[in-house]
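**Q** next input, structure requested:
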Amino acid sequence: MSASLLRRGLELLEVPGQGEASPGLQQERNGPRLAGAARRRKTVPQSRRNKATVKGRIVKSAIEEYHKKKPMNHLAANLKYMLKGRFVANKAITEQVLAQNRGRKSKDQPPKKEAKKKPEGTVFTEEDFRRFEREYFGRP
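**A** Residues are numbered from 1 along each chain as shown. Next up, the predicted model:
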(Lines give C-alpha, C1' and ligand atoms only; values in the text may rest on other atoms or scores of the structure.)
Protein backbone atom coordinates (compact mmCIF):
# COMPACT_ATOMS: atom_id res chain seq x y z
CA MET A 1 0.00 0.00 0.00
CA SER A 2 1.17 3.48 -0.70
CA ALA A 3 1.62 5.97 2.07
CA SER A 4 -1.16 8.20 0.72
CA LEU A 5 -3.71 5.37 0.78
CA LEU A 6 -2.66 4.46 4.29
CA ARG A 7 -2.97 8.08 5.39
CA ARG A 8 -6.43 8.34 3.82
CA GLY A 9 -7.60 5.18 5.57
CA LEU A 10 -6.41 6.51 8.92
CA GLU A 11 -8.18 9.81 8.31
CA LEU A 12 -11.46 7.99 7.66
CA LEU A 13 -11.15 6.09 10.93
CA GLU A 14 -10.29 9.15 13.04
CA VAL A 15 -12.87 11.01 15.05
CA PRO A 16 -13.45 14.42 13.37
CA GLY A 17 -11.41 17.21 14.95
CA GLN A 18 -8.90 15.07 16.88
CA GLY A 19 -6.67 13.72 14.17
CA GLU A 20 -5.26 17.01 12.94
CA ALA A 21 -1.56 17.29 13.61
CA SER A 22 0.19 20.54 14.49
CA PRO A 23 1.50 22.52 11.50
CA GLY A 24 5.11 22.07 12.67
CA LEU A 25 4.93 18.30 12.42
CA GLN A 26 3.46 18.22 8.93
CA GLN A 27 5.91 18.21 6.06
CA GLU A 28 5.72 20.97 3.50
CA ARG A 29 5.08 19.63 0.02
CA ASN A 30 5.35 21.52 -3.18
CA GLY A 31 3.68 20.89 -6.49
CA PRO A 32 0.24 21.35 -8.05
CA ARG A 33 -0.77 17.71 -7.68
CA LEU A 34 -0.01 17.54 -3.99
CA ALA A 35 -1.74 20.82 -3.25
CA GLY A 36 -4.97 19.59 -4.90
CA ALA A 37 -4.82 16.34 -2.95
CA ALA A 38 -4.33 18.22 0.31
CA ARG A 39 -7.32 20.42 -0.47
CA ARG A 40 -9.48 17.36 -1.15
CA ARG A 41 -8.24 15.70 2.00
CA LYS A 42 -9.22 18.69 4.12
CA THR A 43 -12.82 18.77 2.90
CA VAL A 44 -13.57 15.01 2.94
CA PRO A 45 -14.22 14.16 6.62
CA GLN A 46 -16.26 17.21 7.63
CA SER A 47 -18.39 17.98 4.59
CA ARG A 48 -19.66 14.48 3.69
CA ARG A 49 -22.10 12.67 5.87
CA ASN A 50 -21.91 8.99 6.66
CA LYS A 51 -24.03 7.17 4.11
CA ALA A 52 -24.49 4.16 6.35
CA THR A 53 -26.71 6.16 8.68
CA VAL A 54 -29.21 7.47 6.14
CA LYS A 55 -32.65 7.82 7.67
CA GLY A 56 -34.89 4.86 6.91
CA ARG A 57 -32.09 2.64 5.63
CA ILE A 58 -32.46 -1.04 6.48
CA VAL A 59 -29.31 -3.05 6.92
CA LYS A 60 -29.77 -6.38 5.17
CA SER A 61 -28.16 -9.49 6.49
CA ALA A 62 -26.27 -11.51 3.91
CA ILE A 63 -27.45 -14.74 5.54
CA GLU A 64 -31.11 -13.70 5.29
CA GLU A 65 -30.64 -12.77 1.61
CA TYR A 66 -29.02 -16.15 0.95
CA HIS A 67 -31.90 -18.00 2.61
CA LYS A 68 -34.45 -16.00 0.58
CA LYS A 69 -32.80 -16.85 -2.73
CA LYS A 70 -31.94 -20.46 -1.87
CA PRO A 71 -33.94 -22.93 -4.00
CA MET A 72 -36.65 -24.70 -2.04
CA ASN A 73 -37.85 -28.27 -2.43
CA HIS A 74 -41.61 -28.21 -3.05
CA LEU A 75 -41.96 -31.98 -3.49
CA ALA A 76 -43.80 -32.63 -0.22
CA ALA A 77 -46.34 -29.84 -0.79
CA ASN A 78 -46.89 -30.87 -4.41
CA LEU A 79 -47.41 -34.53 -3.48
CA LYS A 80 -49.86 -33.56 -0.77
CA TYR A 81 -51.81 -31.43 -3.26
CA MET A 82 -51.83 -34.12 -5.95
CA LEU A 83 -52.87 -36.91 -3.61
CA LYS A 84 -55.59 -34.81 -1.99
CA GLY A 85 -57.93 -35.09 -4.99
CA ARG A 86 -59.71 -38.40 -5.54
CA PHE A 87 -60.76 -37.74 -9.13
CA VAL A 88 -58.97 -40.01 -11.60
CA ALA A 89 -59.21 -39.17 -15.28
CA ASN A 90 -60.34 -41.70 -17.84
CA LYS A 91 -57.42 -43.61 -19.36
CA ALA A 92 -58.56 -42.84 -22.91
CA ILE A 93 -58.59 -39.11 -22.16
CA THR A 94 -55.12 -39.17 -20.60
CA GLU A 95 -53.76 -41.05 -23.61
CA GLN A 96 -55.31 -38.45 -25.91
CA VAL A 97 -53.75 -35.56 -23.97
CA LEU A 98 -50.35 -37.27 -24.00
CA ALA A 99 -50.63 -37.87 -27.74
CA GLN A 100 -51.40 -34.19 -28.36
CA ASN A 101 -48.39 -33.05 -26.34
CA ARG A 102 -46.02 -35.47 -28.03
CA GLY A 103 -43.81 -34.27 -30.88
CA ARG A 104 -44.12 -35.48 -34.45
CA LYS A 105 -40.59 -36.87 -34.66
CA SER A 106 -40.08 -40.59 -34.48
CA LYS A 107 -37.92 -40.24 -31.38
CA ASP A 108 -40.86 -38.65 -29.55
CA GLN A 109 -43.24 -41.48 -30.36
CA PRO A 110 -43.65 -44.33 -27.89
CA PRO A 111 -42.75 -47.80 -29.14
CA LYS A 112 -45.61 -49.62 -30.84
CA LYS A 113 -47.23 -52.24 -28.65
CA GLU A 114 -47.58 -55.57 -30.33
CA ALA A 115 -50.88 -57.32 -29.80
CA LYS A 116 -50.55 -60.47 -27.74
CA LYS A 117 -51.04 -63.56 -29.79
CA LYS A 118 -53.85 -65.73 -28.61
CA PRO A 119 -52.88 -69.35 -28.23
CA GLU A 120 -54.28 -71.30 -31.11
CA GLY A 121 -56.96 -73.78 -30.13
CA THR A 122 -56.35 -77.43 -30.86
CA VAL A 123 -58.26 -79.27 -33.48
CA PHE A 124 -58.73 -82.25 -31.19
CA THR A 125 -61.25 -82.39 -28.37
CA GLU A 126 -60.94 -84.12 -25.03
CA GLU A 127 -63.01 -87.02 -26.34
CA ASP A 128 -60.54 -87.54 -29.21
CA PHE A 129 -57.65 -87.78 -26.73
CA ARG A 130 -59.44 -90.39 -24.63
CA ARG A 131 -60.23 -92.45 -27.72
CA PHE A 132 -56.59 -92.27 -28.86
CA GLU A 133 -55.42 -93.34 -25.43
CA ARG A 134 -57.71 -96.35 -25.46
CA GLU A 135 -56.58 -97.40 -28.92
CA TYR A 136 -52.86 -96.85 -28.42
CA PHE A 137 -52.34 -98.09 -24.86
CA GLY A 138 -55.16 -100.58 -24.83
CA ARG A 139 -56.81 -99.21 -21.75
CA PRO A 140 -60.56 -99.24 -21.44
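**Q** tell me which element Leu10 falls in.
**A** According to DSSP states H and E, Leu10 maps onto helix 3-13.
**Q** distance-wise, check the residue nearest to the spatial centre of the chain relative to Ala77.
**A** Central residue of the chain (Cα atoms, centre = their mean): Pro71, 4.6 Å from the mean position. Distance of Pro71 to Ala77, given as Cβ to Cβ, to the nearest Å: 14 Å. Placement of C-beta: from N, CA and C, glycine included.
**Q** next: Gly138.
**A** Distance, Gly138 to Ala77, using Cβ to Cβ: 78 Å.
**Q** among the two, which residue is more densely surrounded?
**A** Ala77 (10 against 7; other Cβ atoms under 10 Å).
**Q** pLDDT wise, what is that one at?
**A** Note for Ala77: predicted pLDDT of 92.
**Q** ok, it - contacts?
**A** Neighbouring residues of Ala77 by Cβ atoms under 8 Å, 6 or more residues apart in numbering: there are none.
**Q** thinking again about what came up before, secondary structure class for the residue nearest to the centre of the chain?
**A** Following DSSP: H, G, I helix; E, B strand; the rest coil, the label given to Pro71 is coil.
**Q** which residues of the chain fall in helices?
**A** For the chain, the helices defined by DSSP state H cover 3-13, 32-47, 62-69, 75-84, 91-101, 126-137.
**Q** can I get those helices in CSV with distance to Lys113?
**A** Shown next, in CSV, are those (distance: least, Cβ to Cβ, whole Å):
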stretch, distance to Lys113
helix 3-13, 77
helix 32-47, 81
helix 62-69, 46
helix 75-84, 27
helix 91-101, 12
helix 126-137, 35
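**Q** which of the ones you listed has the lowest mean pLDDT?
**A** Per-stretch mean pLDDT for the helices of the chain is lowest at helix 32-47 (a mean of 64).
**Q** how close does Arg86 sit to Lys80?
**A** 14 Å.
**Q** the two: which has the busier surroundings?
**A** Comparing Arg86 with Lys80 by neighbour count (other Cβ under 10 Å), the higher total belongs to Lys80, at 9 against 5.
**Q** understood, closing this out.
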